[in-house]
Structure formats: C-alpha cells, structure tokens
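Asks: below are the sequence and a predicted model; questions follow.
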Amino acid sequence: MFSGAHHKFTLTLALLCLTTAVHSFAQERPKTAADQSTDQIVTTHHQARVGQRLLKYTATAGLLPIRNNETGEIHGNMFFVAYALDRSPAEARRPLMFLWNGGPGANATLVHLSGFGPKRVKSNDDPTAPRDCECEIEDNQTTWLDQADLVFVDPIGTGFSRPTRAEYGAEFYSTLGDIASVAEFVRVFLTRFDAWDAPLFLAGESYGTWRAAGVAEALEQKNINVAGVILISGGVAAGNLVSDDMRAALFVPTRAATAFYYKKLSPDLQNDLNGTLQKAQTWALKEYGPALAKRDTLTDAERQAILGQLARFTGLDSSLLDAKTLILPRQQFAESLLRDRKQTLARFDTRLSAAAESSARPARNLLILKYLRNTLQFQTDLPYQGIEDGFLPNSGGRPFSVGNRWNYNQGPPPPAGTPPSTDAPPGGSQPWLTRAIKLDPSLRAFVAAGLYDSLNSCPLNDYVIDQLEPAVKRNITARCYEGGHMMYESRGARQQLKQDVSKFLQETVAAGRQSSAGQ
C-alpha cells in the first residue's frame, strides 16, 4: 500500500468537513465498532512548573490504526503520546505539533523525554561530564508545551507501534512507505480529535527530517495546510543540490570545531573558535571545494598545499591524509584525532569518545518504561521496541531491527559507477521541502544543527539553503548550536533552541493569521 519506487508519490487522504473545536485530546469523536476493536486510548492529567508558570495539561497515549485505503483493513497501529495544555473553551486553538526521531527505526523517546515534552529524564545537562543516575523524571524547564500542543509519534516498528501482519512490514519499512503512513497518522489524528483548525507543525530529528519534509509535502498535496516544519540534525531535505566534493569540503569547519575542543590546532587557530570556524569555512568554500572538483588536474605542489591546509584545520598530520583523493572521511577523522589517547570520537557528539557514547543506560530505559506504563497508564504486554527486545521467530537470538530491513526507495538510484558520499545519507533526499513550500508559499521551515555532530554540518546547511530559489529560500531559517546530534542534551543549547523555536512558532502563526485576515 505505502511503498513504491516512484520519484513522486501519492497518498490518498480523505478530508473531512471541519466541525466545532474541542479543547482536549481526551474528547474524541464517538468511535465506530471498528475503532473500538483496534484502539487503545488512555488519558491522564498532570502539571509541570516551568519557571514561574504552572502548566496544567492532559496527556493522551494510545494507538491509532493505519488502514489500507481500498479495503479499510488495518495494516498497522501507530503509538503516540499527546500533550494538550488545559484551556477554556473561549481560548483560541493552539498550534499542534507532531514530533518524531529518526533512525530509521528509532522511537520518539529522545525528542519526547530528553528534548521537548513537559517532563524529561533528569540529567547533569552536560554530555561531556560523567553521567548522573538518570533515574528521575523532572519538570522540563525548556518544554515546547507552553507554545504548542505536542504529539510524539512512534512510526511502525518502533516503540509500541506494529504492523498487524508480518507481511505488512514492508509497506512501512521504506522511505516512501514511512512518509505515507505517518502522513496518514496525522490525518487520522486530526480526524479523531477534531483538530483540523489548529495551526499544524511537523518536527523531525536526524532521518526524521526526511519524514517531516516528506509528510509536509504529502499533506499539502491533499490541501491539508502545514504552517511550519522543524528539521533537527538532518539537513534541509531539499534534494541533491550539492556535489559530493563541496559536501566533503563543508565538513571541514565541523572537524575544526572538534579539533579546537581537544586543543589539537596550531596556536594561531586555538584562540578564537568563531574566528577559526570562519577561516575554515572560507578556505573550504573558496579553495578546497573547487580543488576537489578538479583534483585529477592538480599539480603536485597544489596537491601538497591542499593537504597542508586540510591538516591545519583538522588537527591531523598530513601524512595521515590521502594524497590521491584529498578527502578526509568521517570515520578516519574519528579514529585519528585522539590516536595518542587510543580513543575514537563519538558519532553523535564528537566531544565524547565512542565508548562513552555507546555505554548502556539501563536506569534511564527503566524509567522511561515506567513513565509510559505507570504515569501515562498505557498498559500493554508489548515490548517497547528500541528499549525492550521481544520474541522474534527465526531470529537466531538477534534483536529486531527496522533499520536493517529498510528500503531506501525514495527515488531513482545514482548513476552507475558513482561512488556514494561518505557523509551523505543513503541515496540522498528528494526535494520534499522545496516542493512543499511551492505547494504552499506560506509554509516556513526551521533548520537546526549541532556544532559537534559528525553527521551534520552547519555551513553545509547554510550553503544548501543559499542554492535554493529566492521564493523558497526566504521561508527557511537555519541555526547552529553548541552541542551534538541531540543538541538538547546540553542545557545551554536546549535553552537557545527553545528560544529560537518559540520565536519561529509565534512568527509563523502570526503570519498565518494575517494571511487569513487578508483573504
């Protein structure tokens, strides 16, 4: 139903007539017999003190069905946790935001219980320091709930979400199938909770940025307006606008930041981080990227000059660099910078070692499970995929992995003989965000990245946006934060991100109201 290898996909979404507004997700429309046989929805009431403000809210946790449009047969059930700020019937409808992580194959617990929900797992707020117990849930001082009602979504195969039959899994475990099924979830949620009049926002992290941009386009194709999209640590999802050579070049500033952090740069680059990053970016754009594009014609002297500068900005000895390709792959940098300490840099936050980043967090995982089952009172015997491992027939004891079964069928394959970029996601993205903005010129996007994320580059995001046509570019804002892939795990970055997102939401909603008033 959902998968396919077409460059453009379609998703059959049936728009329902708008009815009167409700003021809590707990107030569902009456269920049909079919709904009652499949749904499990539970509501609880809570509060969180954020600064001087006491937020009283209703939490709704449950499963919504994803149906085959032709037959009505349920092919999957998608788990969600929604938070709606309690309000009077006279208040205007608040923005409604759907959020998810990436993977593909990751549940939403990071954006939910480390990032933006009303509660978060208490931590020392410094990823580079020794971990605290992580055995307590606290009020989240940087929750986004004060700005919008929030719906955290576990795509099929993650968390408590499942296909209803094993053979249906392939419909969901693909780039286009995933986009289509999550778009359908949004439609079902808006229908079930009569939330059609809320300004709609989508937020995704990492691979979830592809999902957010793709879902935005899918909804806009069916005249379901999306006010804004928030793309965290996954790039711009605007298609393949940048050559592999320039992509590689624009990762140099990111690596310079890491080398600066570990004091591996020469003295003239070790005093001012912003100044060093600007020098690295200027060299990458004006000299390194163009040199890579003509590497086969470079003289030996030019080649040695490039290697010298690459070594200078990355803190590595030039003898470790490939004189033929002139490229420094991510993993080589990770394994080389701290070779004197016999350590490898972490993937998601290069201020950490790989060993520290990958260490188990059993107390945290148990706390999350208790929160879902006890605090939110969602009772199920299903294992929560990504934290618990359940029985899988014929698995040979191996854990279930959606990511290992994923079909990146979002578009035509690259030309034969084209080597994949070492820093690009598999296959590259379609221009989902660009097409969504062209369908709805009022749609705005906010792009966030962490300075110490080895998978993303703040200068690359800026460069991609600059390649877009003016009518699209003016709708996109990009910011860089002093953190890693999950920049919200650092308190300062989380606070700054909260301020920036609050401003983005307020301005986007205000612009939408002005546009509606002018029609």
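Replies: Structure received.

Asks: can you pull out the helices in the stretch 51-200 of the chain?
Replies: Taking DSSP state H, counting those that start in this stretch, the helices of the stretch 51-200 of the chain run over residues 109-110, 169-172, 175-192.

Asks: what's the closest of those to residue 452?
Replies: helix 109-110 (16.6 Å; Cβ to Cβ). All C-beta atoms are positioned from the backbone trio N, CA, C, and that covers glycine.

Asks: what residue ranges in the stretch 251-400 of the chain score low on pLDDT?
Replies: Within the stretch 251-400 of the chain, the stretches with pLDDT under 70 are 391-400.

Asks: mind listing the strands for it?
Replies: Applying DSSP state E, counting those that start in this stretch to the stretch 251-400 of the chain gives no strands.

Asks: and the longest strand for the protein?
Replies: strand 53-67 (DSSP state E).

Asks: relative orientation of it and helix 175-192 in degrees?
Replies: In terms of direction (axes from the mean of the first three to the mean of the last three Cα atoms, to 10 degrees), strand 53-67 departs from helix 175-192 by 120 degrees.

Asks: parallel or antiparallel, list what pairs with strand 53-67.
Replies: Note on strand 53-67: by DSSP bridges, its sheet partners are strand 40-50 (antiparallel), strand 74-85 (antiparallel).

Asks: just the CA atoms of the longest one, as CSV, please.
Replies: Spelled out, it's strand 74-85. What follows is strand 74-85, C-alpha atoms only, in CSV (Å, rounded to 0.1, in the frame of the first residue of the first chain):
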residue,chain,number,x,y,z
ILE,A,74,-6.0,-2.2,9.3
HIS,A,75,-2.3,-2.8,8.3
GLY,A,76,-0.7,-1.2,11.3
ASN,A,77,-1.3,0.5,14.7
MET,A,78,0.8,3.6,15.5
PHE,A,79,1.6,4.6,19.1
PHE,A,80,1.6,8.2,20.2
VAL,A,81,1.8,10.4,23.3
ALA,A,82,0.0,13.7,23.1
TYR,A,83,0.0,16.6,25.5
ALA,A,84,-2.6,19.4,25.4
LEU,A,85,-2.4,22.4,27.6
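
Asks: partner residues bridging the spatially most central residue of the chain?
Replies: For the chain, the residue sitting closest to the mean C-alpha position, by Cα atoms, centre = their mean, is residue 205 at 0.9 Å. In this entry, residue 205 is beta-bridged to residue 232, by DSSP bridges.

Asks: try residue 78
Replies: Note on residue 78: beta-bridge partners residue 64, judged by DSSP bridges.

Asks: so how many other residues sit close to it?
Replies: Residues lying near residue 78 (other Cβ atoms under 10 Å) number 25.

Asks: check contacts around it.
Replies: Neighbour list for residue 78: 63-66, 153-156, 161, 181-182, 185 [criterion: Cβ atoms under 8 Å, 6 or more residues apart in numbering].

Asks: one step back: most tightly surrounded among the strands paired with strand 53-67?
Replies: Stretch with highest mean neighbour count among the strands paired with strand 53-67: strand 74-85 (a mean of 24; mean count of other Cβ atoms under 10 Å).

Asks: ok, back up a step: from the contacts of residue 78, which is closest to residue 132?
Replies: Closest approach to residue 132 among these (Cβ to Cβ): residue 154, at 26.0 Å.

Asks: my guess is that closest one contacts residue 79, does it?
Replies: Yes: with contact defined as Cβ atoms under 8 Å, residue 154 counts as touching residue 79 (4.5 Å).

Asks: overlap of the contact sets of those two?
Replies: What both residue 154 and residue 79 touch, as defined by Cβ under 8 Å, 6+ apart, is the set 160-161.

Asks: just how off-centre is stretch 296-316 within its chain?
Replies: Mean-position distance between stretch 296-316 and its chain equals 35 Å (Cα atoms, centre = their mean, to the nearest Å).

Asks: buried ones among the contacts of residue 78?
Replies: Neighbour counting with 16 or more other Cβ atoms under 10 Å marks 63-66, 153-156, 161, 181-182, 185 as buried within the contacts of residue 78.

Asks: which of the helices of the stretch 51-200 of the chain sits closest to residue 222?
Replies: Across the helices of the stretch 51-200 of the chain, closest to residue 222 is helix 175-192 (Cβ to Cβ), at 7.9 Å.

Asks: so residue 456 versus residue 447, what's the distance?
Replies: Distance of residue 456 to residue 447, given as Cβ to Cβ, to the nearest Å: 10 Å.
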